[in-house]
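Chemist: Build me a model from this:
(one chain, ligands or ions: 2)
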Amino acid sequence: MKHLSSLLTFLPSTMLLVGCGNASKQEAKSALPQKPNIIYLIADDLGIGDLSCYGATKVSTPNIDRLAGQGMQFTNAYATSSTSTPSRFGLLTGKYPWRQKNTGIAPGNSELIIDTACVTMADMFQSEGYATAAIGKWHLGLGPKGGTDFNQQIKPNTQDIGFGYEFIIPATVDRVPCVFVENGRVVGLDPNDPITVSYDHKVGNWPTGLENPELVKMKPSQGHNNTIINGIPRIGWMTGGKSALWVDEDIADIITDKAKNFITSHKDEPFFLYMGTQDVHVPRVPHPRFAGKSGLGVRGDVILQLDWTVGEIMRTLDSLKIADNTIIVFCSDNGPVIDDGYQDQAFELLNGHTPMKHYRGGKYSAYDAGTRIPFIVRWPNGIKPGKQQALFSMIDVYASLATLLNHPLKPGIAPDSRDQLNNFLGTDTTGCDYIVQQNLDNILSIIQKDWKYIEPSDKAAIEFWTKMELGNDPKPQLYNLSIDPSEKTNVAEANPERVKALSSLLEEVKAAKNQKERK
Ligand code: NG6
Ligand code: CA
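Modeler: Numbers count the residues shown, from 1 in each chain. Ligands and ions are numbered 1, 2, ... in the order given. Below you'll find the predicted structure:
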């Protein structure tokens, strides 16, 4: 069900200015609040230790630092999940991804995993009169059950879940098909050269990393040995669509341009832009102007590229004079990883750089570095710059923004998302009562105040292909994050009551008993 009501009156700033002197202009602005634009910029696999504003000293991110300096910089913010697909699902639907079966890491030909009946965050903005767009990394599937046919108008696509415009990378940059999709159509596709994609078996006769390792310019360290596109062996097989293949070095430029165009063409009306960067996910392929510039190898170089992207968005808002009433949220989808399946020397060239800071684990993990993320909110008209230590989870962005818009959420919509607007804006520092995260194996952990409980699991402690400790342990784990932020000492045995309290709270969340009754 879609809402059409809004308690805020939208007036374009140009209308507010008509016939107004300076004083009356101010009055008019405060009397008639203008709906803020929202740009939700979600980086891929970026660590809390990857940015100089979070203490990195080996790499410098001046644009993101400026964003943080002018906004609210969170130091205790979490994604719901330690991989992309579920994390993004949680953000856009306000529902914990583990409540639904198909929210694991999606293949490049996955069906759209968000039900079109679901009222997404984008639907909410659209019903409030916003122009909406999804640009960049998507990774939530496209098309009907059975998967995507890339040779037709793809339906359903993001336009069926609230995005008026889409220009997307269907999955990840290491998964086929290596093409962009714009409003349901593969960009630049020659109908005489249709695309075939499979995640089960080889299709066509294009070389693969497995059969022709001599043809690759970036060798895999794990998996990534199927069809070679642009010298990079990918996950999955494809053939056809030659004229539509992207050039990895140009992806940041292309999606940044699309985002700038969207912003510019909607500068006079409220807009919601959801932008996923492919940076800093593998394969890490910087444009030549960033290659070799960080001194930390390609992983460092694509951090510089990401910082450039953020700078371009900020400069666009400045030049259009709409920065003051635009909320930019900048964050990562999950924690960082160093070797994620290609021999790109990311580890060898770290040079003392610490993407995970002092936190344990990383991407895929139940330990803190799996889901603890950089999270910055800038809104010159509505946020006083500062640091925010409150406990915060991305699952709560949806309901918080609904409150900001005075948009009532009907029962069943964004069921797990809680209104945390005051924490989001930094006017409150109490933080959320508790937050819940999931690791690669859907093992859940819950944080309440200083305490973190990880539910027991019989799954492997380290899955060989991730090379990451996942936080799976047959015994319950309890950590006191205030004195042990690196989760070195499991104090579950010494604190049975706390374990019991947190595990029952987690069970209540699982049983959906904590979902807020909405009228
Ligand atoms: C894994 C890939 C990894 C990455 C991840 C998804 C291998 C060995 N590893 O399966 O490279 O693509 O999936 O990452 O294939 S995410 O950030 O999109 O969730
Ligand atoms: Ca990711």
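Chemist: shaky segments in the protein?
Modeler: For the chain, applying pLDDT under 70 flags the ranges 1-33, 516-519.
Chemist: Tell me the residue of the stretch 401-519 of the chain that sits nearest ligand 2?
Modeler: residue 440 (11.4 Å; CB to the ion). Placement of C-beta: from N, CA and C, glycine included.
Chemist: Sticking with residue 253, tell me its helix or strand.
Modeler: helix 251-265 (DSSP states H and E).
Chemist: scratch that, residue 88
Modeler: Here residue 88 is covered by helix 84-93, with elements defined by DSSP H and E.
Chemist: buried set for that helix?
Modeler: Applying a neighbour-count criterion of 16 or more other CB atoms under 10 Å, one finds 84, 85, 86, 87, 88, 89, 90, 91, 92, 93 buried in helix 84-93.
Chemist: does the second one really touch residue 105, like I thought?
Modeler: Yes. At 5.4 Å, residue 85 and residue 105 qualify as touching, with contact defined as CB atoms under 8 Å.
Chemist: hang on, the earlier thing: outside of the helix holding residue 88 itself, which residues are in contact with it?
Modeler: Contacts with helix 84-93, where a contact means CB atoms under 8 Å, 6 or more residues apart in numbering, come from 40, 42, 44-45, 79-81, 95-98, 100, 103-106, 113-114, 118, 120-122, 137, 139-140, 161, 172, 274, 276, 281, 333-334, 371, 394-395, 397-398, 414, 416, 438.
Chemist: Restricted to buried residues, select the residues you listed in PyMOL.
Modeler: The PyMOL selection below is limited to those of the contacts of helix 84-93 classed as buried (16+ other CB under 10 Å):
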select buried, resi 40+42+44+45+79+80+81+95+96+97+98+103+104+105+106+113+114+118+120+121+122+137+139+140+161+172+274+276+281+333+334+371+394+395+397+398+414+416+438
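Chemist: and the contacts of helix 84-93, which of them are in helices?
Modeler: Among these, DSSP state H puts 121, 122, 397, 398 in helices.
Chemist: so which of those comes closest to ligand 1?
Modeler: Nearest to ligand 1, judged by CB to the nearest ligand atom, of the ones in helices among the contacts of helix 84-93 is residue 397 at 18.8 Å.
Chemist: For the closest one, list the residues it contacts.
Modeler: Contact analysis of residue 397 by CB under 8 Å, 6+ apart lists 40, 91, 121, 329, 417, 424.
Chemist: Residue 284 too?
Modeler: When contacts are counted by CB under 8 Å, 6+ apart, residue 284 is found next to 298, 299, 301, 302, 342, 344, 346.
Chemist: Go ahead and name everything in contact with stretch 164-171.
Modeler: When contacts are defined by CB under 8 Å, 6+ apart, stretch 164-171 is touched by residues 106-110, 126, 131-139, 141-142, 148, 157-159, 177, 179-184, 187, 246, 251, 255, 258, 262, 276, 278.
Chemist: what's the distance between it and the middle of its chain?
Modeler: On the basis of CA atoms, centre = their mean, to the nearest Å, stretch 164-171 sits 14 Å off its chain's mean C-alpha point.
Chemist: That stretch and ligand 1 in contact?
Modeler: No. Remark: stretch 164-171 sits outside contact range of ligand 1, by CB under 6 Å from any ligand atom, the gap being at least 7.4 Å.
Chemist: Offset the numbering so it begins at 29, please.
Modeler: New numbering, starting at 29: the last item is stretch 192-199.
Chemist: Just confirm yes or no for that stretch near ligand 2.
Modeler: No. Using CB under 5 Å from the ion, stretch 192-199 stays clear of ligand 2, with a minimum separation of 11.0 Å.
Chemist: Keeping just the C-alphas, turn that stretch into CSV.
Modeler: This file holds the C-alpha atoms of stretch 192-199, laid out as CSV (Å, rounded to 0.1, in the frame of the first residue of the first chain):
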residue,chain,number,x,y,z
GLY,A,192,11.9,6.0,-11.1
TYR,A,193,15.2,5.7,-12.9
GLU,A,194,17.8,2.9,-12.8
PHE,A,195,21.3,2.6,-14.1
ILE,A,196,22.8,-0.4,-12.4
ILE,A,197,25.4,-3.0,-12.3
PRO,A,198,23.1,-6.1,-11.8
ALA,A,199,25.2,-7.9,-9.1
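Chemist: ok, now which ones touch the residue of the stretch 229-378 of the chain found nearest ligand 1?
Modeler: Using CB to the nearest ligand atom, the single residue of the stretch 229-378 of the chain nearest to ligand 1 is residue 251, 3.2 Å away. Each residue near residue 251 by CB under 8 Å, 6+ apart is listed here: 263, 369, 493.
Chemist: Specify the local secondary structure of it.
Modeler: Counting by DSSP: H, G, I helix; E, B strand; the rest coil, the backbone at residue 251 sits in coil.
Chemist: next one: residue 341
Modeler: When classified by three-state DSSP, residue 341 comes out as helix.
Chemist: Residues of the stretch 279-428 of the chain that sit close to ligand 1?
Modeler: Counting by CB under 6 Å from any ligand atom, the stretch 279-428 of the chain sits next to ligand 1 at 309, 310, 362, 368, 369.
Chemist: Max pairwise distance over those residues: which two?
Modeler: Across these, no pair lies farther apart than 362 and 369, at 15.1 Å, counting by CB to CB.
Chemist: which element is residue 326 on?
Modeler: helix 325-348.
Chemist: name the helices or strands packed onto that helix?
Modeler: Contact partners of helix 325-348 among helices and strands, from 3 or more CB pairs under 8 Å, 6 or more residues apart in numbering; DSSP states H and E: strand 65-71, helix 90-97, helix 279-293, strand 354-360.
Chemist: what would the ones you listed look like in JSON lines with distance to residue 315?
Modeler: Output for the helices and strands packed on helix 325-348, formatted as JSON lines (distance: least, CB to CB, whole Å):
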{"stretch": "strand 65-71", "distance to residue 315": "16"}
{"stretch": "helix 90-97", "distance to residue 315": "16"}
{"stretch": "helix 279-293", "distance to residue 315": "6"}
{"stretch": "strand 354-360", "distance to residue 315": "20"}
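Chemist: How much space separates whatever residue of the stretch 79-228 of the chain ends up closest to ligand 2 from residue 261?
Modeler: Ligand 2 sits closest to residue 112 of the stretch 79-228 of the chain, with a gap of 3.6 Å, by CB to the ion. Taking CB to CB, to the nearest Å as the criterion, residue 112 is separated from residue 261 by 20 Å.
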